[in-house]
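Chemist: Okay, sequence plus prediction incoming.
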Amino acid sequence: MQMEELGKIAREAGIQLAATNTEKRNAGLLAIAKALEENKDAIITANQEDMKRSQEENLGAPLLKRLTFDADKISDVVQGIHSLIELTDPLGATKLSTQLDEGLDLYKVTCPIGVIGVIFESRPDAFVQISTLCLKSGNAVLLKGGREALETNRILSKIISEATAAVGLPTGWVQNLETRDDVTAMLKLDQYIDLIIPRGSNSFVQYIMANSNIPVMGHADGICHVYVHEDADLKQAIDIIVDSKTQYVAACNTLETLLVNENVAQELLPTLKTALEAKSVQIKGDVATQTIIAVEPATEEDWKTEYLDYILAIKIVPDLDTAINHINTYGSGHTDVILTTTEPTAKTFMTLVDSAGVFWNCSTRFSDGFRFGFGAEVGISTSKLHARGPVGLDGLLSYKFKLLGHGQLVADYASGKSHFTHIAQDTSCPI
């Protein structure tokens, strides 16, 4: 089927989906969860085909870890779907209610964006998470995963489509794209697609923006930092740093650059080196770091690198301002952490660091839609417009203004016959 036809089908399905009630969409989510469990063996078999092919192509361990979709991961996504079902219906919520005049009431009400195109990495769990978030929020979606997950995504698309069709949801609301040519064609479908969400490098996001008239919500590099201030609890700091770097090394919210205040470097770094090496982390460091612990030299390029691997760059800085400046210069605007026992210091850091997530005394790995209670995420936006940080249900919504009148005419207000009251109300839109 031609891409234009797929886009047209998705547009029509999205219009129908927007008119469904929360019970119908939740029934679809429940059907997906049940179908995933019933077809677990077939999904794992398809994933093993992808894993075998990728191993033969010598993909690195972090990418293979992302690609793995075993029984545990299937159980995790099923649990995520059940959590999503429990969330309040995001559609039809009144965000503003104003009486413009007696009998002339204005409401700002949430609605779906429409049709969303998502280009993401080789993570089959992301296919399920993104599609179910779009279903809950009433959006049709075109999904293009990494080629490494071809067979897994293919069977997931079939399972999800059949499960939702069986409960009466519109066919074609979810589409699986498989080639780069599909992506190229999708970028031209501005008459059918309302938003593109590319997950990948900054250069990839910029390429998408330059080659489409469709609005783009960028999910770019995760060059995340932890800064250890001079008054930090060093035992706690080591635990947080190790968790941020090694809990799941292939994630975009993994620590890549550690900044250490020079007043605690001598005490912290030897113990930290032992803890990191116990987790097989390769350390690179600036000249000051190299005088304290034996590490590989770090270059300018390391400060700009998202490793997604067991590699950590360390830089010693003289003060808080230097740490903030480094993060705002080299960071990707994803997630950055300060470790300090002083609230004013934390406040300064969290105010001045220009990132979607700014954390105090906790792991970078908390930057996640599921952990934030958003019901997973379609990505973590490093943009500032529309949505920022983990993009859950709220980030997949738009709104419309509903004005309910009783024959009012603008001419009456222009002539002075009628007058605006503009009274804020605490009422929901009745229709």
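Modeler: Thanks, I have the structure now.
Chemist: Show me which positions of stretch 393-403 end up buried.
Modeler: The neighbour-count check on stretch 393-403 (16 or more other Cβ atoms under 10 Å) flags 393, 395-397, 402 as buried. (Each C-beta comes from the backbone N, C-alpha and C, glycine too.)
Chemist: Pop the domain breakdown of the protein in here.
Modeler: Using automatic domain parsing, the domain ranges for the chain come out as 3-219+391-397, 224-366.
Chemist: Quick one: these as a markdown table, columns for mean pLDDT and distance to residue 426 too.
Modeler: Below are the domains of the chain laid out as a markdown table (pLDDT from 0 to 100; distance: least, Cβ to Cβ, whole Å):
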| stretch | mean pLDDT | distance to residue 426 |
| --- | --- | --- |
| domain 3-219+391-397 | 94 | 7 |
| domain 224-366 | 96 | 31 |
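Chemist: mind listing what the closest residue to residue 237 other than its chain neighbours touches?
Modeler: Closest residue in space to residue 237, ignoring its immediate chain neighbours: residue 339 at 4.8 Å, by Cβ to Cβ, 6 or more residues apart in numbering. Residues in contact with residue 339 (Cβ atoms under 8 Å, 6 or more residues apart in numbering) are 226-229, 232-233, 236-237, 240, 361.
Chemist: still on that earlier bit, can you name the two of the buried residues of stretch 393-403 that are farthest apart?
Modeler: 395 and 402 (22.0 Å; Cβ to Cβ).
Chemist: Just give me the closest of the contacts of residue 339 to residue 309.
Modeler: Nearest member of the contacts of residue 339 to residue 309, counting by Cβ to Cβ, is residue 226, at 17.0 Å.
Chemist: Does that closest one touch residue 242 like I think?
Modeler: No - between residue 226 and residue 242 there is no contact under Cβ atoms under 8 Å: 10.5 Å.
Chemist: what about residue 364, how many residues close to it?
Modeler: Counted with other Cβ atoms under 10 Å, the neighbours of residue 364 add up to 28.
Chemist: Make sure it is actually in contact with residue 224.
Modeler: Yes - with contact defined as Cβ under 8 Å, residue 364 counts as touching residue 224 (4.6 Å).
Chemist: Common neighbours of the two, please.
Modeler: Contacts common to residue 364 and residue 224, judged by Cβ under 8 Å, 6+ apart, are 244, 253-255, 335-337.
Chemist: Who has more neighbours out of residue 226 and residue 242?
Modeler: The residue with more neighbours, out of residue 226 and residue 242, is residue 226; 28 against 19, by other Cβ under 10 Å.
Chemist: which SS state does the more buried one fall under?
Modeler: With DSSP: H, G, I helix; E, B strand; the rest coil as the basis, residue 226 sits in strand.
Chemist: Now do it against residue 298, distance only.
Modeler: Using Cβ to Cβ, to the nearest Å, one obtains 15 Å as the distance from residue 226 to residue 298.
Chemist: ok, now which ones touch residue 242?
Modeler: 275-276, 279.
Chemist: if we go to 10 Å?
Modeler: By Cβ atoms under 10 Å, 6 or more residues apart in numbering, the contact list for residue 242 reads 255, 272, 275-276, 278-279, 281, 312, 363.
Chemist: With respect to residue 158, which of those is nearest?
Modeler: Nearest member of the contacts of residue 242 to residue 158, counting by Cβ to Cβ, is residue 363, at 36.8 Å.
Chemist: Count the residues that sit near that closest one.
Modeler: Residues near residue 363, counting by other Cβ under 10 Å, number 22.
Chemist: how close does the residue nearest the centre of the chain get to residue 278?
Modeler: The residue lying closest to the centre of the chain (Cα atoms, centre = their mean) is residue 379, at 1.8 Å. Computed as Cβ to Cβ, the residue 379 to residue 278 distance reads 32 Å.
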